[in-house]
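# I would like to see how this sequence folds:
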Amino acid sequence: MTEKKCSDDQKKVSQMKSELTASRNQLAGLDAKLRRAYEDNLSGKLPDHIFTMLIGNYDEEKETLQHTIRELEKRIDSSNAAMSDVERFSKLIQKYTSFEELDSFMLHELIEKITIYETPNMGRYRKGKEKIVTILF
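Numbers count the residues shown, from 1 in each chain. Predicted coordinates:
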């Protein structure tokens with residue numbers, strides 16, 4: 001099951017990496033086009049009003065591409081972190097496949113965090129308060 005999840009995640013990450021490369025290449029190509037337009041404007045081949053319009057479009061497209069690149073980098077980093085967490089946990093679980101007694105060392109190694117919440121709207125002094133327990137591995 002973890003292999004299937006990891007392989008699906010790896011496919012998504014590789015797809016995001018190819019999108020990231022394409023966006024970076026597009027951004028570099030955009031800069032080259034701007035340089036050519038600037039040179040054409042200086043030489044008189046391109047009128048000033050068209051150059052001004054191209055600059056406005058360039059700024060919008062550059063902002064969009066930079067935002068896309070940042071988002072893709074964040075998603076790739078979070079996916080890589082999630083995959084490394086799955087791998088780390090599976091290695092720990094394989095270490096403890098058969099045991100007779102659960103000791104404190106095993107618990108500290110396997111469980112990252114335990115949080116306990118009171119159920120909402122239960123009141124502070126009500127008897128028999130229910131709790132919500134969350135265990136993060």
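
# so which elements touch the longest helix along the chain?
Assignment by DSSP state H gives helix 48-95 as the longest helix of the chain. Here helix 48-95 touches helix 2-43, helix 104-110, going by 3 or more CB pairs under 8 Å, 6 or more residues apart in numbering; DSSP states H and E. All C-beta atoms are positioned from the backbone trio N, CA, C, and that covers glycine.

# need those helices in JSON lines (columns: distance to S79 and mean neighbour count).
Shown next, in JSON lines, are these (distance: least, CB to CB, whole Å; neighbours: other CB atoms under 10 Å):
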{"stretch": "helix 2-43", "distance to S79": "5", "mean neighbour count": "13"}
{"stretch": "helix 104-110", "distance to S79": "23", "mean neighbour count": "11"}
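
# least confident of those, on average?
Lowest mean pLDDT within the helices and strands packed on helix 48-95: helix 104-110, at a mean of 76.

# quick check: mean pLDDT of the helix or strand following that helix?
Sequence order places strand 113-118 as the next helix or strand after helix 104-110, per DSSP states H and E. Averaging pLDDT along strand 113-118 gives 75.

# outside of stretch 92-108 itself, list whatever touches it.
E109, L110 (CB atoms under 8 Å, 6 or more residues apart in numbering).

# ditto for stretch 18-29
By CB under 8 Å, 6+ apart, stretch 18-29 touches K62, L65, Q66, T68, I69, L72, E73, I76.

# hmm, back to that, output the helices and strands packed on helix 48-95 as CSV; include the columns distance to R88.
Formatted as CSV, those follow (distance: least, CB to CB, whole Å):
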stretch, distance to R88
helix 2-43, 11
helix 104-110, 11
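
# just so I know, which of those helices lies nearest S84?
The closest approach between S84 and any of these, judged by CB to CB, belongs to helix 2-43 at 10.3 Å.

# quick one: E61 from F105, how far?
56 Å (CB to CB, to the nearest Å).

# all good on my end, thank you.
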